[in-house]
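Trainee: next comes the sequence, and after it the predicted model I'd like to discuss.
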Amino acid sequence: MALTGGTGALYVAPLAAGPTGPKDCADVLPHLPGIASSTAPATLAEPRWSQRGGTVNDASCLSRTAVAGVVRPRSEADVATALAYARAHHLPVSAAGVKHSMGGQAFRAGGVVLDMRGMQTIRLDENARTVTVGSGATWHAIQLAVHPRFAVKAMQSTDIFSVGGSISVNAHGMDHQAGAVMGSLRSLRVMLADGQVVTASRNENADLFRHIVGGYGLFAVILSAVLDVVPNDIYRSERQLIDYRAFPDTFARIAADPSVGLSYVHLSTAPKTLLQEALVYEYRRFPKDQALLRQPLGEVASTKVRRLTVNLAKKNDLFKALKWWSEKNIEHRIETCTVTRAQAQGAGEACLVARNDPMHDSVAYLFNDLPGETDILHEYFVPRERILPFIDGMRDIFRAQDANVVNASIRAVGIEDNALSYAPAPAFSVVLYLNQTTTADGTARMRRLTSDLIDLTSKQGGRFFLPYQLHYSPAQLERAYPEIGAFFATKRAWDPDGLFSNTWYARYAPAFAKQPAATRPSITSGTPSA
């Protein structure tokens, strides 16, 4: 018995253990031609290198790429120096944050990586209800700065990402009324390829603004952003279990109720009820909440238990079923309610939280050191009236390919009016968290799964999110985004020398090179860099 218990402990311990450093698995990115650095004047200032040569990777751990180096600017002058150096040496430049895009969107082989995390200033203007932040600031830090009186209006559903990264993909989150990050942006301060520093907003350099938001770092370096903040309302946490076929009507009810501030849906990943059961989470504004105390923001509890649950679910069907059973029956009973029931008179047994609380999650439980495997994100945007046939088709694909689905969720997005929009009409976003082995076979299986899901999405009139693995063809890209050729042509107009680049651009832009470059609009209020 002791031997059995010891063996079990040895099995479980790595599944609950946190990572000891960044995970590095392999390189599955397309091989790109090398870049030869040219000789530059000896008087040219060296940038603030944090790494010379070597490699970088992203959160997939599958994108190891050799680069010229990494620069960590702390000021606009540092960014200008790095761009001048790269121009003189004919090196491409990529801006990076926490690198959770999974297809080389934050770096380019042989290029200079701008690690923007050194630019993280945060300044709250309570009267204007805005916060001005450096592009390297994380949502985690911003929440800490604006809490307890204010909350972020729109951000990703977890707080680990940088603002610059979220803007570059036009990320969205739990607030179905606020929309994606673009909707809460007052303005951007950016540096163009020639070193000019300009402001971009809906009213100033509007074409540039529409291309930088969701532009994957190809038009300018985002230096800072002015974002809307909103009151840090108190919400009543609610949930219900439904059949997935009831989801459209359930969402229609939520959308018609202005008191619901945040919402999302988790679909079952248990084999017997795969994508057939759904847990609907709602956060409803609690009336007369101003007298209630907002507790300091805390970190998510039970990290090791949560990590163990997630990692066991990757192992076999039994643990997948137990994970879903636990979410249905256990998790809500141990939910952290930051407004005590003693304060919430008249709320009965309701769990009350401040708006910041559900989004203040750094998902530490998703990171591990497990060898030979990694977790991959997918996201698909489906017209709202086509969500049920999409789910049915997705279920068929998962079962046919024995996909290792760890989590599946649904959020709502409205029309996004940026140049490369994933939602030209209101859509439901289906977010998938999938596990794969890091072998050649594992990559081939993920490539097939991705391609089939993209084809399913196109069949339903939807689009797929671009900041993930590059397992799709130029034809699939153009079918989902018919405007992609014009997008690349506009990029060439703003950056004719191709200073800003990344692996994604180098992989797909050549297929659309025949489209003539667009005409670059005139710039207003441009100033030389410091």
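Mentor: That came through fine. Residues are numbered from 1 along each chain as shown.

Trainee: who touches Lys23 in this structure?
Mentor: Taking C-beta atoms under 8 Å, 6 or more residues apart in numbering as the contact definition, Lys23 lies against Asn57, Cys61, Phe367, Asn368, Asp369, Thr374. No exception for glycine: its C-beta is placed from N, CA and C like everyone else's.

Trainee: am I right that it is in a strand?
Mentor: No. Lys23 sits outside any strand when classified using DSSP: H, G, I helix; E, B strand; the rest coil, being coil.

Trainee: which pLDDT does the model give it?
Mentor: For Lys23, the model assigns a pLDDT of 85.

Trainee: and the gap between it and Asp194?
Mentor: When distances are taken as C-beta to C-beta, to the nearest Å, Lys23 and Asp194 turn out to be 38 Å apart.

Trainee: same check, this time on Phe219
Mentor: 12 Å.

Trainee: between those two, which is the more surrounded one?
Mentor: Neighbour count, other C-beta atoms under 10 Å: between Phe219 and Asp194, Phe219 has more, with 27 against 17.

Trainee: I figured that one hits Phe500, correct?
Mentor: Yes. Under the criterion of C-beta atoms under 8 Å, Phe219 lies in contact with Phe500, with a separation of 6.8 Å.

Trainee: run through the stretch 301-450 of the chain and note the low-pLDDT ranges.
Mentor: By pLDDT under 70, the low-scoring segments of the stretch 301-450 of the chain are 340-349.

Trainee: run the last query once more with 80
Mentor: Per-residue confidence for the stretch 301-450 of the chain (pLDDT under 80) gives these ranges: 301, 332-336, 339-350.

Trainee: again with the chain
Mentor: Low-confidence segments of the chain, defined by pLDDT under 80: 1-12, 26, 31-43, 288-291, 301, 332-336, 339-350, 517-518, 525-530.

Trainee: at 70 instead, please
Mentor: Along the chain, segments meeting pLDDT under 70 span 1-11, 34, 36-42, 288-290, 340-349, 525-530.

Trainee: the longest helix in it is where?
Mentor: Ranked by residue count under DSSP state H, the longest helix found in the chain is helix 440-459.

Trainee: what's that one packed up against?
Mentor: Using 3 or more C-beta pairs under 8 Å, 6 or more residues apart in numbering; DSSP states H and E as the contact criterion, the neighbours of helix 440-459 among helices and strands are strand 373-383, helix 387-401, strand 427-437, strand 463-464, helix 474-480.

Trainee: would you reformat the ones you listed as CSV and include mean neighbour count and distance to Val363?
Mentor: Supplementary listing: these in CSV, determined by neighbours: other C-beta atoms under 10 Å; distance: least, C-beta to C-beta, whole Å:
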stretch, mean neighbour count, distance to Val363
strand 373-383, 21, 11
helix 387-401, 17, 23
strand 427-437, 21, 10
strand 463-464, 24, 22
helix 474-480, 16, 28
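
Trainee: a markdown table for those, including distance to His211?
Mentor: Conversion of the helices and strands packed on helix 440-459 to a markdown table gives the following (distance: least, C-beta to C-beta, whole Å):
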| stretch | distance to His211 |
| --- | --- |
| strand 373-383 | 19 |
| helix 387-401 | 29 |
| strand 427-437 | 21 |
| strand 463-464 | 17 |
| helix 474-480 | 17 |
